[in-house]
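> Sequence plus predicted model, see below.
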Amino acid sequence: MKLSDVVRFAWRSLSGYRTRTLLMVLAVSIGVAAVVVLTSLGEGARGYVRQEFESLGTNLIVVLPGRAETLSGGGGLMSGRTPRDLTLDDALALRRIRGVKSVAPLNLVSGEVWWAGRRRDAPVAGSTMELGDVWSLAVAYGRFLPQQDPRHATPLCVVGSKVRRELFGTQPPLGEWIRIGDRRFRVVGVLAPKGEFVGLNMDDLVIIPVASAQAVFNLHSLLRIGVTVPRREDVRRVSGEIRRVLRERHNGEQDVTILTEDAVASAFDRILLALTLALGGIATISLSVAGILIMNVMLIAVSQRTSEIGLLKAIGASPDQIRFLFFAEAALLSCVGAIAGSVLGQIGSLVIRRLYPSVPAFAPAWAILAAQIIALGMGIGFSVLPARRAARLDPAAALARR
Amino acid sequence: MIHLDHIRRTFPVGDEEVAALREVNLRIAPGEYVSVMGPSGSGKSTLMNIIGLLDRPTAGVYRLGGEDVTALTDERQSYVRREKIGFVFQFFHLVPRLSAAENVELPLVLAGVPSEDRAPVVGRLLQEFGIAPRARHRPSQLSGGERQRVAIARAMVMHPAAILADEPTGNLDQATGKEVIHLLEELNARGVALILVTHDPAIGSRARRHIHMLDGQIDSDSAAS
């Protein structure tokens, strides 16, 4: 029997039972579409996070007090004790490392900001001019903190765009004095709107010199130190240097955690890849339900078409041919379902991309391919039983029945 | 051509074995015209199924064209069935979603004949049997007589050595039934062996040889006397 004839015969029997065929195609295509859409969602989330990290610049190194159990996992944030604080002098020591571009010590405290009797709660960051580079902050007007000795407390501040709006309204903020705690600061600049960044809304922020922050809030240590290097290739070497310098300064104790964006990004990447796989796995379950449906319907088809199968045998179809015809039918069905499902899935991920333009929800090629293969395999696999039943049918009995 | 020696066929019914064929010895020469008659349950259909290789005897030897076909594998038996035997049934057994021409073509398709070689064969048969104008019609759009002609054309498409017709007129009116019998006899005249199972004595008596069955045995055979 010619393959083209097998396909044609299978096609004719599928189009002969239209409702049943449509329902089965629908079931398969929903399964395939689910795989495509859900993995594209997972991949979208992964791409989104990666984009965010890339926008941070991957040449950033963050030094945190306390030792992480594993270096790459970002678990240092979790470890309870901080044996020794990071100090401003530590930050200054890092400046001397070769190949370092900027070193920004950072304190972050939530404080109250006052101006002309108005009060606003705002996170207050204590840092230096170099924070502008480390966080890639742009100034809308005025200027950023000036270059100066970080140990020097000067009464200057830069405010976020939202703080400016809510505190000053339409009045020009530059040169105004605001009060933070018991000190007054002169506004020298307003940040350009930036939104959420490193878990902080930059538009809410007030930035003052680090020494001033330590004085106002009575702090003796830093929350962390941000270091940038000019080139990404330097990240590894400079991280090593930082570790060495700080160990020397801390009496040989390895008591800081050094995070590179690469490490954090790859941790996120792994988590989200696992998410994608999990979503794909869940969708595969719906695909296998479609497979069971195919089996069920094919079994019914075999008993409905008993006399046809008997006839085929009478006119010389061998058991192998009968089996093959049923396989072909299931394969054709799952093919059509898989193609329809892919199209449906692509439309689904297009809709997601339209709704959330920042999420690059593209289904990965491997997921689309795997969905097709699974659908096809499922269709054929689940038709083994019905096909075998058809092939074993006793033709004499099948033909005797009317 | 057809040689049945000591053929038995029993079916298990509950704990018992019921014999549908007890002890059948039969020889049919090429081109013979044989009618098989007998009451229901006498084993006519079982005999036809065994001759048509749709069923296997419990005991005995069946030779078709000199070849012992009793012990052939299913695959091999379907080949022999396709090449040597044509079936005509009471209920036509046409595939409802295929056109008349496609139904006739089906054995050629199963045999793996390329489609360009199939079309002329099918066209000629349809022409010959007077159903060419209905070639594109589905079985449901055909009359009973037309359906049976399509079925006979299908049985003939592989040039079989024998046609087994099981009550071919059972579902047709008198006139149409007669036409169908004439058609079959015409084919027989061209050398195809025709084995006809029927209840109708008027049709059965037309055959040159009459076999009467009773209780799973050949009760009388006009050739033997």
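Everything's here; your move.
> The helix or strand bottoming out on mean pLDDT in chain A pairs with which strands, and in what direction?
For chain A, counting by mean pLDDT, DSSP states H and E, strand A:196-197 ranks last in confidence among helices and strands (a mean of 77). Sheet partners assigned to strand A:196-197 using DSSP bridges are listed as strand A:200-201 (antiparallel).
> can you tell me the average pLDDT over the strand it pairs with?
Rounded to a whole number, the mean pLDDT of strand A:200-201 is 84.
> distance between the helix or strand that comes right after that strand and the chain's centre?
Once strand A:200-201 ends, the next helix or strand along the chain (criterion: DSSP states H and E) is strand A:206-209. In terms of C-alpha atoms, centre = their mean, to the nearest Å, the gap separating the centre of strand A:206-209 from the centre of its chain is 32 Å.
> what helix or strand does the residue sitting nearest the centre point of chain B sit in?
Using C-alpha atoms, centre = their mean, the residue of chain B that lies closest to the mean C-alpha position is B:Leu164, 1.7 Å off. Assigning secondary structure by DSSP H and E places B:Leu164 in strand B:162-166.
> Need the residues that contact the following helix or strand past that strand.
On the C-terminal side of strand B:162-166, the nearest following helix or strand under DSSP H and E is helix B:174-189. The contact list for helix B:174-189 (C-beta atoms under 8 Å, 6 or more residues apart in numbering or on different chains) reads B:31, B:33, B:88, B:129, B:143-145, B:148-149, B:152, B:156, B:163, B:165, B:168-169, B:172, B:194, B:196, B:200, B:203, B:206. (C-beta placed from N, C-alpha, C; glycine too.)
> Helix B:174-189 to strand B:162-166, inter-axis angle?
Using axes from the mean of the first three to the mean of the last three C-alpha atoms, to 10 degrees, the inter-axis angle of helix B:174-189 relative to strand B:162-166 is 160 degrees.
> Now do the strands for chain B: every range, in order, please.
Under the criterion DSSP state E, chain B carries strands at the ranges B:2-13, B:16-28, B:33-37, B:59-64, B:67-68, B:85-88, B:162-166, B:193-197, B:209-214, B:217-221.
> Single out the most deeply packed of those.
Mean neighbours per residue, mean count of other C-beta atoms under 10 Å in any protein chain shown, is largest over these for strand B:85-88, with a mean of 26.
> Pull up the pairing partners for that strand, direction included.
Partners of strand B:85-88 in its sheet, by DSSP bridges: strand B:162-166 (parallel).
> tally of neighbours for A:Asn218?
9 (other C-beta atoms under 10 Å in any protein chain shown).
> Going by proximity to chain A, name the top residue of chain B.
Here the residue of chain B nearest chain A is B:Arg82; by C-beta to the nearest C-beta that distance is 2.2 Å.
> OK, contacts around the residue nearest to B:Glu83 when sequence neighbours are not counted?
Distances taken as C-beta to C-beta, 6 or more residues apart in numbering or on different chains place B:Met158 nearest to B:Glu83, at 6.2 Å, with adjacent residues excluded. Remark: with contacts taken as C-beta under 8 Å, 6+ apart, B:Met158 is in contact with A:Gly316, B:Arg82, B:Glu83, B:Gly86, B:Pro107, B:Leu108, B:Ala111.
> got it, and B:Gly31?
Taking C-beta under 8 Å, 6+ apart, we find B:Gly31 in contact with B:Asn188, B:Gly191, B:Val192, B:Ala193.
> burial count for residue 207?
In the absence of a named chain, this looks at chain A. A count of neighbours around A:Ile207, defined by other C-beta under 10 Å, yields 29.
> think we crossed wires, I meant chain B
Here the number of neighbours of B:Ala207 (other C-beta under 10 Å) works out to 22.
> For the longest helix seen in chain A, which helices and strands make contact with it?
In terms of residue count, the longest helix belonging to chain A (DSSP state H) is helix A:261-304. Helices and strands in packing contact with helix A:261-304 are listed as helix A:18-56, helix A:319-355, helix A:365-382, helix A:384-392; criterion 3 or more C-beta pairs under 8 Å, 6 or more residues apart in numbering or on different chains; DSSP states H and E.
> Quick check: what element follows that helix along the chain?
Next along the chain after helix A:261-304, taking DSSP H and E as the criterion, comes helix A:306-314.
> next one: that next one to chain centre, how far?
Here helix A:306-314 is found 56 Å from its chain centre; the criterion is C-alpha atoms, centre = their mean.
> how far off helix A:319-355 does that helix point, in degrees?
In terms of direction (the same axes, to 10 degrees), helix A:306-314 departs from helix A:319-355 by 130 degrees.
> is chain B contacted by helix A:306-314?
Yes. Using C-beta under 8 Å from any C-beta of the partner chain, a contact is recorded between helix A:306-314 and chain B, made by A:Ser307, A:Glu308, A:Gly310, A:Leu311, A:Leu312, A:Lys313, A:Ala314.
> list the buried ones in that helix?
Applying a neighbour-count criterion of 16 or more other C-beta atoms under 10 Å in any protein chain shown, one finds A:Thr306, A:Ser307, A:Glu308, A:Ile309, A:Gly310, A:Leu311, A:Leu312, A:Lys313, A:Ala314 buried in helix A:306-314.
> need the contact list for the third one.
Shown in contact with A:Glu308 (C-beta under 8 Å, 6+ apart): B:His93, B:Val95.
> now swap in the fourth one and tell me
The contact partners of A:Ile309, taken as C-beta under 8 Å, 6+ apart, are A:Val302, A:Ile322, A:Ala390, A:Leu393, A:Pro395, A:Ala398.
> quick one: the last one from A:Ala391, how far?
When you say that, I think you mean A:Ala398. A:Ala398 is 12 Å from A:Ala391, where distance means C-beta to C-beta, to the nearest Å.
> helix/strand/coil for A:Gly126?
strand (DSSP: H, G, I helix; E, B strand; the rest coil).
> Quick check: chain neighbours aside, which residue is closest to it?
Here the nearest residue to A:Gly126 in space, its sequence neighbours aside, is A:Ala213; by C-beta to C-beta, 6+ apart that works out to 2.3 Å.
> residues contacting the closest residue to B:Thr198 other than its chain neighbours?
In space, B:Thr198 comes closest to B:Gly204 once its chain neighbours are excluded; the distance is 5.0 Å by C-beta to C-beta, 6+ apart. Contacts for B:Gly204 were tallied using C-beta under 8 Å, 6+ apart; they are B:Ser35, B:Met37, B:Leu196, B:Thr198, B:His210.
> quick one: B:Gly204 and B:Thr176, what's the gap?
With distances defined as C-beta to C-beta, the gap from B:Gly204 to B:Thr176 amounts to 18 Å.
> now B:His210
Distance of B:His210 to B:Thr176, given as C-beta to C-beta: 24 Å.
> Show the contacting residues for whichever residue of the stretch 1-150 of chain A sits closest to chain B.
Nearest to chain B, among the residues of the stretch 1-150 of chain A, is A:Gly16, at 3.5 Å (C-beta to the nearest C-beta). With contacts defined as C-beta under 8 Å, 6+ apart, A:Gly16 is in contact with B:Pro96, B:Arg97.
> Next, it: phi, psi?
Comment: the main-chain dihedrals of A:Gly16 come out as phi -70, psi -30, following degrees, to the nearest 10.
> same check, this time on A:Glu233
With angles defined as degrees, to the nearest 10, A:Glu233 sits at phi -60, psi -20.
> A:Trp114 too?
Per-residue torsions, A:Trp114: phi -120, psi 140 (degrees, to the nearest 10).
> for chain B, what are the low-confidence residue spans?
Low-confidence segments of chain B, defined by pLDDT under 70, span residues B:224-225.
> could you redo the last one with a cut-off of 80?
For chain B, the stretches with pLDDT under 80 are B:223-225.
> and if you look at the stretch 51-200 of chain A?
Short version for the stretch 51-200 of chain A, where the test is pLDDT under 80: A:51-58, A:67-84, A:196-199.
> Mind jotting down where the strands sit in it?
Read by DSSP state E, counting those that start in this stretch, the stretch 51-200 of chain A holds these strands, from start to end of the chain: A:60-65, A:102-115, A:118-127, A:139-142, A:156-159, A:177-180, A:183-191, A:196-197, A:200-201.
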